[in-house]
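K.L.:
pasting the sequence and the predicted model now:
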Amino acid sequence: MNDRTRKEGDIECSSSALARNEHRQAVRRLAIGSPLLSGLTLLAFWSSTAAPSGILVTTTVALLVLVPLALMISVARSPGPYAWRHYTGLLYDIASLTAVLYLGDKILLPICVAYSWFIFDYGKQFGNRLLYPAAAISSASFGLLLLISDFWQTNTGPGLVILGFLALLPLYLRNSATVDETSPPAVQAGAGDSSKTEVPDNDGTEAVNHPTDPDNLSGKRILLVSSDIDDRHGIQSQLALWGAQSHLAGNAAHAFYELITAVRSGTPYHTVVVDHGRLGMDPAQFASALRAEPMLQNLYLIHVGPGNHGLQGDRLLNAGFTKLLSTPLNKTFLFNALYNTYTQTEPGGQVVRLIDRYSSEISDQPLSILVADRSFSVRQRVRSILQRAGHRVFMVNNGARVLDALDSHRFDLAIVSLDLREITGLEAFKLYRFTRVDKQWVPFILLLEEPTKELLKRCSDAGINATINLNADSRRYLETIARVLRDSASEESGAGLSVRPTHASVGGGSTSGSGILDTNRLLEIERLGGGVRFLSDLVDSFNRDNRRILTQMKTMANAADPNRFRDLGHALKDAAGSLGALKLYQLGTAASRLSDKEFHESAAALVQEITECCRISNDALHSYLLGQTPPESDSLRD
């Protein structure tokens, strides 16, 4: 019963979309086509020396007005996609164009392009069911014009070229995915029997032979951001046909409200489809704002609009869009974009897509990946591989921009070429590790054009997570990414921070293994800076900063200024993290997150604890520099 209800709803939804298309077409025919063709006919009558008879012109103009008017009245009185009316409109449109061309001869030669417009428009509005009939009738009508028109008989060459173009145009439209290849699921056969349905041709691609499968998109929550209530791209009707729970937001503010409300109510949206030009703000700004909201990080963001290639496409992808679809919108591409969001490739099926399998091993959610190479073609190739796997890609072309991008955006992975302008990929990696030792490091994959043993050893010694040949295939790229992410995840879930702790005595002389310092980070700073002297200078600067921060924290605690106190906690956390002072880092984090109520209750006690921790951390750092453990008289409360 539920399947039957769903199918009836699908038929009703598609029929309403066809009815809207037919109504818009009838309005255009009467309001634009009829006056235009009538005016051209009169122009030919007045301008040509061998003008046709006045009676013929008058009859033609009358038909150009009366027939569209009759079709418009029929559509208004009996709304619904009747097949006979579609074919009547098609025959009239092409016959009227042919008649006007016959009367106008060479004066109206440029309007031959209208034949291709009719083929395109009928294919777009009604699918393959009328695409090929429109092409066949157009070709036959123009062929007849070649036989009966004196002008075209003397210009047979250009006429045959136009005829061949009209015959091949539907093949081009179908192959270029300009026309929706899915025929409407049901069309009323006639005015007297609205219960009969016409079964569509199954000549589409494999992806659209089963878009109504309830296991695909049924029940998925999708938000369409558009002010287009007429649904000019047919997105709403198509989503309803596929069983998705689609909702319409008229502008960006409404979209944010809907998305956040849905998350808080426990029914979040899976996907947001943005209609270009109908958003109320720049799509790239909308995507950036959405990606900056922590509650909305897992959304799949699709952009529908013109010009989704080149620099504009890069800008949208860099802003956070997951998929770009061009207009005129092809429903097959829309379905594939949505379907790939919710499904994983199952082993043992009839067709196994390796790229889907490897991408499913990497992550259930799209990754944010930085790609850097000086060659535009290389960046495009790597981006194509990653986007097919469902990831978001940000591209830069030199080493300095790698550091800027890592500093301004949170990435899950960086794929950087060794051969970069300004600074090499390896130098960029070293600078990143050196300047950001207090943060969770982004895994690096280095692209090598000629990976020699010496070069691979340099990369390994520097700490590069993995290397890959620049010309490797897509499978190798995805395998390497999966391996690097697995290794990073195992490190985080294992020992957490890689720490070799110094020992501090607790109580009456018993030793404890609580970690005061992350000595691996100290070793890394020492190696990158060129020796112990460099690290010693950093420790001295660290102690001076801590004394200044502690003095200000005591002042803010006495002055009851929680906002400034939290800012100082952030500063202390950053300073402690830069040198791997773990306990001090934890206390700085606690100070930066202190609520107003907790501030009044425990700020003074926290300042005392931080003061004691600063002393012990300072002793531990100097002991590390001297190669000895701290005195046993030092204590630290856990």
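P.N.:
Looks like it came in fine.
K.L.:
mind listing what's buried in the strand or helix carrying Lys124?
P.N.:
Assigned by DSSP states H and E, Lys124 belongs to helix 113-126. Neighbour-count burial for helix 113-126, counted by 16 or more other C-beta atoms under 10 Å, picks out Ala114, Tyr115, Ser116, Phe118, Ile119, Phe120, Asp121, Tyr122, Gly123, Lys124, Gln125, Phe126. Where you see a C-beta, it was placed from the backbone N, CA and C, and this is true even at glycine.
K.L.:
which residues does the closest residue to the third one other than its chain neighbours contact?
P.N.:
Here the nearest residue to Ser116 in space, its sequence neighbours aside, is Leu169; by C-beta to C-beta, 6 or more residues apart in numbering that works out to 5.8 Å. Neighbour list for Leu169: Ser116, Ile119, Phe120, Ala135 [criterion: C-beta atoms under 8 Å, 6 or more residues apart in numbering].
K.L.:
for the last one, the count of nearby residues, please.
P.N.:
In other words, Ala135. For Ala135, the count of nearby residues is 24 (other C-beta atoms under 10 Å).
K.L.:
can you give me the end-to-end distance of stretch 407-418?
P.N.:
20 Å (C-alpha to C-alpha, to the nearest Å).
K.L.:
same thing with stretch 457-475?
P.N.:
24 Å.
K.L.:
for it, buried residues please.
P.N.:
Buried residues in stretch 457-475, counted by 16+ other C-beta under 10 Å: Cys459, Ala462, Ile464, Asn465, Ala466, Thr467, Ile468, Leu470, Ser474.
K.L.:
I'd like the average pLDDT over stretch 428-441.
P.N.:
For stretch 428-441, mean pLDDT is 69.
K.L.:
ok, and the closest non-adjacent residue to Asp545?
P.N.:
Closest to Asp545 by C-beta to C-beta, 6+ apart is Ala575, at 5.2 Å.
K.L.:
could you list the buried residues of the host helix or strand of the one you found?
P.N.:
According to DSSP H and E, Ala575 maps onto helix 562-578. Residues 562, 565-569, 571-573, 575-578 are the ones in helix 562-578 that count as buried (16+ other C-beta under 10 Å).
K.L.:
mind pulling up the pLDDT for Ile445?
P.N.:
Looking at Ile445, its pLDDT is 92.
K.L.:
pretty sure it contacts Ile481?
P.N.:
Yes: shown here, Ile445 and Ile481 form a contact pair, counting by C-beta atoms under 8 Å, at 7.1 Å.
K.L.:
and the strands in the stretch 451-600 of the chain?
P.N.:
For the stretch 451-600 of the chain, applying DSSP state E, counting those that start in this stretch gives strands covering 466-469, 504-506, 510-512.
K.L.:
check the stretch 201-350 of the chain too.
P.N.:
Going by DSSP E, counting those that start in this stretch, the stretch 201-350 of the chain shows strands at 221-225, 245-249, 271-275, 300-305, 323-326.
K.L.:
which residue packs closest to Phe565, ignoring adjacent ones?
P.N.:
Met556 (4.3 Å).
K.L.:
next one: Arg566 relative to Arg410, how far apart?
P.N.:
Using C-beta to C-beta, to the nearest Å, one obtains 22 Å as the distance from Arg566 to Arg410.
K.L.:
and if you look at Ser141?
P.N.:
For Ser141 relative to Arg410 (C-beta to C-beta), the value is 60 Å.
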